[in-house]
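Undergrad: no sequence for this one, just the structure:
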């Protein structure tokens, strides 16, 4: 057997054979940051309208008491439904981590959101199994690794023509994490991946709507369900990835075998090329420009009233994702370079409080948006799609012209957030959700020691909202 010709089996054996000792101290530390980030986003996302509608749906299902926690609530449901609810919540504000591309034909930072599908599945299944922090940490990393390597391997057509990889590739992440915690053997894991492959979905036309985070929730739920059905003996092909009618061919028209065969854990994607954690609740492609705009504002003490014109130049793939040039609500604003530049000029910040319908529709925001030109720039195009090169030119009323360039945003591996910076973001998100501060601070310390938790259930209890 070779990894190239029996790719699904290769993934299944990697998942089966993986041990906690395979995770280096660096990989473990990076995982803790993304896990803490994901938990905070589950809290804040659960407080959004998306979260409220999911909670309504769960109540209407009359599911009764289950083993898995819907984070930030007192709801306990079956693992698949907790994975769905928490996956939607983590991705609700488009504030979650992103995978960074390697190949120059890929859009840097835009391959997939790894934590949103992987973490909810690992937590839900881990809580049901009363698994240790060490076991859940390994399952989470396996999910992230499988998702990221599949997203890296599939032909770029997959994303470019409309698939949302967090929904499509994320299903494999959740299946991998769940299968590991269920202790399945390689043959059964291969079937779990195959069942997951038949559920992979998500279309980018829904960006800027509630259906985008729905993709993340459903991919996590589908992966849990796939692993459970495989454990029951449900049958499926053992070559879902590589077969002529399998995932890579049907969803992408092919794949680059060299970017996945023999590459799992060598290196772990979370370490190289890395995963980016967002400082702003908007599409990752806005972040280099936002980082540079903030630098220019602070360095030159720019006042919004002095701004005559702003030009933002990027490669052609970025407007292909940042499609809302005149956003009319908060979800569209997350995919609007014009709004992100405008709100920084007006407020000097761009957090959850700025991405609201009320702010988006403010007259001064609308007026500033009209001053921002978002264009394809030849220099940015020449820099390659594996970067998010963003060029900014600002013209002020007194004739001053300011320029800046950024290839990477704050939170990327090139300019990473520390654990303490992620903890501050977590606490802000918990506060946004009106989650008890003492519980939020306890979660920060528990995640800091995640791999030594005797059972994951204590952490999930800390993430349960206290009775009023």
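TA: That came through, no problem. Fair warning: this is a prediction, and the values are worked out from it, not measured in the lab.
Undergrad: measure residue 66 to residue 76 for me?
TA: Separation of residue 66 from residue 76 (CB to CB, to the nearest Å): 5 Å. The C-beta positions use only the backbone N, C-alpha and C, and glycine is treated the same way.
Undergrad: Need the residues touching each of the two.
TA: When CB atoms under 8 Å, 6 or more residues apart in numbering defines a contact, the residues bordering residue 66 and residue 76 alike are residue 82.
Undergrad: Need the pLDDT of residue 285.
TA: Per-residue confidence for residue 285 comes out at a pLDDT of 88.
Undergrad: my bad, residue 258
TA: Looking at residue 258, its pLDDT is 93.
Undergrad: List the contacts of residue 38.
TA: In this structure, residue 38 makes contact with 90, 96-97, 115-116, 119, judged by CB under 8 Å, 6+ apart.
Undergrad: if I look at it, how far off is residue 116?
TA: Distance, residue 38 to residue 116, using CB to CB: 7 Å.
Undergrad: Do me a favour and average the pLDDT over stretch 310-324.
TA: Mean per-residue pLDDT for stretch 310-324: 92.
Undergrad: Overlap in contacts, residue 38 and residue 116.
TA: Common neighbours of residue 38 and residue 116 (criterion: CB under 8 Å, 6+ apart): 90, 96.
Undergrad: where does the residue nearest to the spatial centre of the chain land in three-state SS?
TA: Nearest residue to the geometric centre of the chain (CA atoms, centre = their mean): residue 113, 2.7 Å. When states are read from DSSP: H, G, I helix; E, B strand; the rest coil, the local structure at residue 113 comes out as coil.
Undergrad: From the recorded domain assignment, give the ranges for the chain.
TA: The chain is divided into the following domains under automatic domain parsing: 7-278+416-462, 284-406.
Undergrad: Distance check, residue 213 against residue 198.
TA: Counting by CB to CB, the gap from residue 213 to residue 198 is 22 Å.
Undergrad: Compare those two and say which is more crowded by neighbours.
TA: Counting neighbours by other CB atoms under 10 Å for residue 213 and for residue 198 shows that residue 213 has the greater number, 29 against 15.
Undergrad: which helices and strands does the helix or strand of the chain with the lowest mean pLDDT pack with?
TA: Scoring the helices and strands of the chain by mean pLDDT, DSSP states H and E places helix 317-321 at the bottom, with a mean of 87. In this structure, helix 317-321 makes packing contacts with no helix or strand, judged by 3 or more CB pairs under 8 Å, 6 or more residues apart in numbering; DSSP states H and E.
Undergrad: in that helix, what counts as buried?
TA: Burial within helix 317-321, assessed by neighbour count using 16 or more other CB atoms under 10 Å, is assigned to 317-319, 321.
Undergrad: What lies in contact with it?
TA: Counting by CB under 8 Å, 6+ apart, the neighbours of helix 317-321 from elsewhere in the structure are 107, 110, 160, 204, 207, 283, 285, 335, 337, 374, 376, 385, 388, 390.
Undergrad: could you point out which element follows that helix?
TA: For helix 317-321, the following helix or strand on the C-terminal side (DSSP states H and E) is helix 330-333.
Undergrad: on contacts alone, who are the packing partners of that next one?
TA: Applying 3+ CB pairs under 8 Å, 6+ apart, one finds that helix 330-333 contacts helix 337-347, helix 357-360.
Undergrad: what's the first one packed up against?
TA: The contact analysis (3+ CB pairs under 8 Å, 6+ apart) places helix 337-347 against helix 287-300, strand 307-314, helix 330-333, helix 363-369, strand 372-376.
Undergrad: I'd like the mean pLDDT over it, please.
TA: Taken as a whole, helix 337-347 has a mean pLDDT of 98.
Undergrad: I'd like the distance from that helix to the chain centre, please.
TA: Centroid separation between helix 337-347 and its chain, computed with CA atoms, centre = their mean, to the nearest Å, is 23 Å.
Undergrad: What average pLDDT does the helix or strand harbouring residue 193 get?
TA: For residue 193, the enclosing helix or strand under DSSP H and E is helix 186-197. Helix 186-197 shows an average pLDDT of 98 in the prediction.
Undergrad: and what of stretch 437-448?
TA: Model confidence over stretch 437-448, given as mean pLDDT, is 97.
Undergrad: swap in stretch 364-373?
TA: 98.
Undergrad: Can I get the buried residues of helix 317-321 in TSV including distance to residue 184?
TA: As requested, these are exported to TSV (distance: CB to CB, whole Å):
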residue	distance to residue 184
317	38
318	40
319	43
321	36
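Undergrad: what's the closest of those to residue 55?
TA: Each of the buried residues of helix 317-321 was scored against residue 55 by CB to CB, and residue 321 proved nearest at 29.4 Å.
Undergrad: Distance check, the closest one against residue 372.
TA: Using CB to CB, we find residue 321 at a distance of 17 Å from residue 372.
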